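In: Show me how the following folds:
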Amino acid sequence: MKASLRIRIALADVSLVLQPPQYSSIRNILPAQLTELLEVGEQVEVRLRIGTSELWARISPWA
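Out: As a prediction, the model looks like this:
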């Protein structure tokens, strides 16, 4: 049985990097492909593909 699952990850808990983080406190790493980027007011929404799943994240431009 497959079911959709929606989770919420706090803005402060998301970091996007172009290279594997070194000398960082980042521990949970999900290699992903950026598939969409939308500006929403002062924030940015990104859609990431992780395997066959998608993750939407709303981040600050500073992130």
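In: alpha carbons only for contacts and neighbour counts from here, please
Out: Fine.
In: The helix or strand of the chain at the bottom of the mean pLDDT ranking - contacts with which helices or strands?
Out: Every helix and strand of the chain was ranked by mean pLDDT, DSSP states H and E. The lowest is strand 53-59, at a mean of 85. Counting contacts by 3 or more CA pairs under 8 Å, 6 or more residues apart in numbering; DSSP states H and E, strand 53-59 packs against strand 43-50.
In: I'd like the distance from the strand it packs on to the chain centre, please.
Out: Computed by CA atoms, centre = their mean, to the nearest Å, the separation of strand 43-50 from the middle of its chain amounts to 5 Å.
In: who's in contact with that strand?
Out: 30-39, 54-61 (CA atoms under 8 Å, 6 or more residues apart in numbering).
In: so what strands line up beside it?
Out: strand 33-40 (antiparallel), strand 53-59 (antiparallel) (DSSP bridges).
In: got any ranges where this protein has weak pLDDT?
Out: For the chain, the stretches with pLDDT under 70 are 11, 63.
In: got the contact list for the residue most central in space within it?
Out: In the chain, the C-alpha nearest the mean C-alpha coordinate belongs to Ala57, at 4.7 Å (CA atoms, centre = their mean). Taking CA under 8 Å, 6+ apart, we find Ala57 in contact with Ile9, Leu11, Val14, Glu45, Val46, Arg47, Leu48.
In: mind checking how far it is from Gln43?
Out: The gap separating Ala57 from Gln43 is 10 Å, by CA to CA, to the nearest Å.
In: Regarding stretch 8-16, how distant is the last residue from the first?
Out: 17 Å.
In: buried sites along it?
Out: Val14 (16 or more other CA atoms under 10 Å).
In: which residues are in contact with it?
Out: Ala57, Arg58, Ile59, Ser60, Ala63.
In: Nearest to Ile26 among those?
Out: Of all the contacts of stretch 8-16, Ile26 sits closest to Ala63, with 13.3 Å by CA to CA.
In: any chance of the strands paired with strand 43-50 in a markdown table, plus distance to Ser25?
Out: Formatted as a markdown table, those follow (distance: least, CA to CA, whole Å):
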| stretch | distance to Ser25 |
| --- | --- |
| strand 33-40 | 22 |
| strand 53-59 | 18 |
